[in-house]
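Asker: return atomic coordinates for the entry below.
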Amino acid sequence: MSLRGRISRWQRRGVAWLGSKGWAERAAWVLAATAVVLGGWVGNVCQEIWSSADWGRLAPWGGENIRVFWAPLALFLLTVGAVYTFRIHLARARTRYLATDRNPRPRPCLVLFLSAIGRPTAVATLDAVLPQVRDAAGGPATPILAVRGDLGSDIEALRRAKDDPQPGKRRTVWSWEMPLRAIRHNLGFPHRPILNQVILIGSDREERPHAGPGGGERFGSVFQAGAFEELLRRYGELEHVQVKLLVRATGSRDHQLVRLSDFDESLHRGFDFESFDQLADALLDLLDILAREGVPEHDLVIDLTGGQKPTSVAAAAVTLNRAVETQYVRTNPNYEVIGYDIVFGSRAELR
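Answerer: Numbers count the residues shown, from 1 in each chain. Below is the predicted model:
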């Protein structure tokens, strides 16, 4: 084995041994502090030599020159190399804690990733996406939601159709049940409503050039957002809640927060729910837009239930060390809402 390979092996063994004793991070910070002190020492000597033009002190011979300049320089370079060896322990980010709240407080502003219902080939109206119960024998379907119902009653009707279907009826699962549960949780109390704004993030259209059942153009949930707002307007307790849509401007990377009535297919686009970068950029811009509108971060919650896995990862990454919280609606009984607050730190004892 070459000398370089042996040195590398000794370094790995040394770091591993210190790590097993719990001293690796402390050693990394001590070495970093030592490098700062030695760097200041070498810098002062270099400044003195430059000011006096005593270039002879840079000669490698002579005991005085070695003691004054070359020895500190060698110690500085060795310390820098040691810091580089311990770099993973010096700048390693760890999860400080993941706070889990089984009953998070309602927030005035709720962000929802809206899932598409079915695979629409055209812009869906509310009637086209409303849930229905069908007979197992293929008889006529009956609607589940009331025309002008109570939000809690409709959520319970959706639960019964899914968990306790009537004899001879098919089990019905509807993608917008969980968004309704998230809205009801943040609504607050009848005498003191909390929620005042719902922001929807929808998926864009998708092109599938191959032929067959999955081929052709598929419209994403951004084209169903108008139907979702129409659904919310059926509930009297939500009449004060504003519904807005986060969109991308066509042909640019700018993000806009628009009302559903102002959505224009030729000017606005949805998002690729499988693109982390696109989703993270959109959420960061959304936080800036809301800050300019006077919405503080502690009044904002992002729901992770809808969309796909990259949407949840992007939301979790964007909300790290922020007052913004995330929440998740359990998709199984008892359908509770769980709040998450993720904080990053760098101290091992706070993991």
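Asker: make it CA atoms for all contacts and neighbour counts henceforth
Answerer: Fine.
Asker: any idea which element residue 311 lies in?
Answerer: Taking DSSP states H and E as the definition, residue 311 sits inside helix 309-318.
Asker: avg pLDDT for that helix?
Answerer: Averaging pLDDT along helix 309-318 gives 88.
Asker: what helices or strands is it leaning on?
Answerer: Applying 3 or more CA pairs under 8 Å, 6 or more residues apart in numbering; DSSP states H and E, one finds that helix 309-318 makes contact with helix 276-292.
Asker: sorry, back to before: could you list the buried residues of the helix holding residue 311?
Answerer: Across helix 309-318, burial judged by 16 or more other CA atoms under 10 Å covers 310-312, 314-316, 318.
Asker: export it as PDB, just CAs?
Answerer: Written as PDB, here are the backbone C-alpha positions of helix 309-318 (Å, rounded to 0.1, in the frame of the first residue of the first chain):
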ATOM      1  CA  LYS A 309     -45.000  11.800  -2.700                       C
ATOM      2  CA  PRO A 310     -42.800  14.600  -4.200                       C
ATOM      3  CA  THR A 311     -45.400  17.200  -3.100                       C
ATOM      4  CA  SER A 312     -45.000  16.000   0.500                       C
ATOM      5  CA  VAL A 313     -41.200  16.000   0.300                       C
ATOM      6  CA  ALA A 314     -41.100  19.500  -1.200                       C
ATOM      7  CA  ALA A 315     -43.500  20.900   1.400                       C
ATOM      8  CA  ALA A 316     -41.500  19.300   4.300                       C
ATOM      9  CA  ALA A 317     -38.200  20.700   2.900                       C
ATOM     10  CA  VAL A 318     -39.600  24.200   2.400                       C
END
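Asker: just to revisit the earlier point, just the buried residues of helix 309-318 now: which is nearest residue 223?
Answerer: residue 311 (18.2 Å; CA to CA).
Asker: tell me the pLDDT of the residue nearest to the closest one when sequence neighbours are not counted.
Answerer: Counting by CA to CA, 6 or more residues apart in numbering, the nearest residue to residue 311 once its immediate chain neighbours are dropped is residue 273, at 6.1 Å. pLDDT, residue 273: 92.
Asker: tell me which residue is most central in this structure.
Answerer: The residue lying closest to the centre of the chain (CA atoms, centre = their mean) is residue 315, at 1.7 Å.
Asker: return the distance of that residue relative to residue 131.
Answerer: Using CA to CA, to the nearest Å, residue 315 is found at 29 Å from residue 131.
Asker: equivalent analysis for residue 177, please.
Answerer: Residue 177 is 10 Å from residue 131, by CA to CA.
Asker: same question for residue 258.
Answerer: Distance from residue 258 to residue 131, by CA to CA: 27 Å.
Asker: cool, residue 242 as well?
Answerer: 24 Å.
Asker: could you do residue 148 as well?
Answerer: 15 Å.
Asker: compare these two (neighbour count), which wins?
Answerer: Neighbour comparison, residue 148 and residue 131: the larger count goes to residue 131, with 22 against 12 (by other CA atoms under 10 Å).
Asker: who's in contact with the nearest residue to residue 267 once chain neighbours are set aside?
Answerer: Once flanking residues are discounted, residue 267 sits nearest to residue 250: 5.2 Å by CA to CA, 6+ apart. Contacts here follow CA atoms under 8 Å, 6 or more residues apart in numbering; on that basis residue 250 touches 266-269.
Asker: which pLDDT value goes with residue 47?
Answerer: The model reports residue 47 with a pLDDT of 78.
Asker: could you pull out the helices for the stretch 151-300 of the chain?
Answerer: Using DSSP state H, counting those that start in this stretch, the helices of the stretch 151-300 of the chain run over residues 151-163, 177-187, 225-232, 276-292.
Asker: by contact count, what packs against the last one?
Answerer: If I follow you right, that is helix 276-292. Using 3+ CA pairs under 8 Å, 6+ apart, helix 276-292 sits against strand 255-259, helix 309-318.
Asker: so how far is the shortest one off the chain centroid?
Answerer: Put plainly, it is strand 255-259. Here strand 255-259 shows a centroid-to-chain-centroid distance of 20 Å under the convention CA atoms, centre = their mean, to the nearest Å.
Asker: can you check stretch 70-90 too?
Answerer: For stretch 70-90, the distance to the chain centre is 37 Å (CA atoms, centre = their mean).
Asker: then stretch 302-310?
Answerer: With CA atoms, centre = their mean, you get 9 Å for stretch 302-310.
Asker: same deal with stretch 136-152?
Answerer: 35 Å.
Asker: which residues are in contact with it?
Answerer: 130-135, 154, 157-158, 161, 168-170, 180, 184, 234-237.
Asker: now, of those residues, which are buried?
Answerer: 130-135, 154, 157-158, 161, 169-170, 180, 184, 234-235, 237.
Asker: one step back: mind putting the contacts of residue 250 into a markdown table with neighbour count, pLDDT and distance to residue 36?
Answerer: Listed next are those as a markdown table, based on neighbours: other CA atoms under 10 Å; pLDDT from 0 to 100; distance: CA to CA, whole Å:
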| residue | neighbour count | pLDDT | distance to residue 36 |
| --- | --- | --- | --- |
| 266 | 8 | 88 | 57 |
| 267 | 12 | 92 | 54 |
| 268 | 20 | 93 | 52 |
| 269 | 23 | 92 | 51 |
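Asker: adding distance to residue 325, write these out as TSV.
Answerer: Below are the contacts of residue 250 laid out as TSV (distance: CA to CA, whole Å):
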residue	distance to residue 325
266	33
267	31
268	28
269	26
